[in-house]
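J.: pasting the structure only:
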């Protein structure tokens, strides 16, 4: 070793000795970053998460936007000063009346499926249809009349609503979205 020259020394480089197949310690993104980008775009769970996210946003934003449009550009009150602000479900609305403020109102004369406490999936589906049908009727109406008749056991105002002179109860029943109801025990919607 005493007589060795410097040019006989082979420098040790770790990268030159490792075979790519035996590289178990390096994360995959450091080996080939372009491959990771390709895999990220091909992953179907990303698209599924996006679709679910858009669906959730749609379920929240659409009703709020529809009710805001109804409150701003909705039909003018035909009689009285009460105005519908939003549709809660097919037979319940939020309204503003001077002297009473904003309150929840139960529409009289008909019963629609329950949206917030359904007993089956078909009841919830029918409830959503009835809710949107009532919104559509309010959008298309030129005049809305709300007549108060007291309160129910939940503290909601009992209201008879007419749109352009026609009772909402009759229109909802004729459309097949509700059934007549005059108080008392309500029938279920899962068997219907």
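T.: Received it, and whenever you're ready, just let me know what you need. Since we're looking at a predicted model, the values are computed, not measured.
J.: which residue ranges form the strands in the chain?
T.: Counting by DSSP state E, the chain has these strands, from start to end: 76-79, 83-89, 92-97, 101-107, 109-111, 143-151, 157-163, 166-167, 179-181.
J.: export those strands to JSON lines and append columns for mean neighbour count, distance to residue 130 and mean pLDDT.
T.: Every C-beta, even on glycine, is put in place using the N, C-alpha and C of the backbone. Rendered in JSON lines, the data for those read as follows (neighbours: other Cβ atoms under 10 Å; distance: least, Cβ to Cβ, whole Å; pLDDT from 0 to 100):
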{"stretch": "strand 76-79", "mean neighbour count": "13", "distance to residue 130": "23", "mean pLDDT": "56"}
{"stretch": "strand 83-89", "mean neighbour count": "20", "distance to residue 130": "7", "mean pLDDT": "88"}
{"stretch": "strand 92-97", "mean neighbour count": "20", "distance to residue 130": "11", "mean pLDDT": "90"}
{"stretch": "strand 101-107", "mean neighbour count": "18", "distance to residue 130": "11", "mean pLDDT": "92"}
{"stretch": "strand 109-111", "mean neighbour count": "21", "distance to residue 130": "9", "mean pLDDT": "94"}
{"stretch": "strand 143-151", "mean neighbour count": "16", "distance to residue 130": "18", "mean pLDDT": "88"}
{"stretch": "strand 157-163", "mean neighbour count": "20", "distance to residue 130": "14", "mean pLDDT": "92"}
{"stretch": "strand 166-167", "mean neighbour count": "14", "distance to residue 130": "16", "mean pLDDT": "93"}
{"stretch": "strand 179-181", "mean neighbour count": "14", "distance to residue 130": "11", "mean pLDDT": "92"}
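J.: nearest to residue 8, out of these?
T.: For the strands of the chain, distance to residue 8 was read as Cβ to Cβ. The smallest value, 87.8 Å, belongs to strand 83-89.
J.: got the contact list for the closest one?
T.: Residues outside strand 83-89 that contact it (Cβ atoms under 8 Å, 6 or more residues apart in numbering) are 66-67, 70-71, 74, 77, 93-97, 102, 104, 112, 114-116, 127, 130-131, 134-135, 138, 144, 146, 161.
J.: other SSEs contacting whichever helix in the chain runs longest?
T.: Within the chain, and with DSSP state H defining each element, the longest helix by residue count is helix 44-73. With contacts taken as 3 or more Cβ pairs under 8 Å, 6 or more residues apart in numbering; DSSP states H and E, helix 44-73 sits against strand 83-89, helix 121-140.
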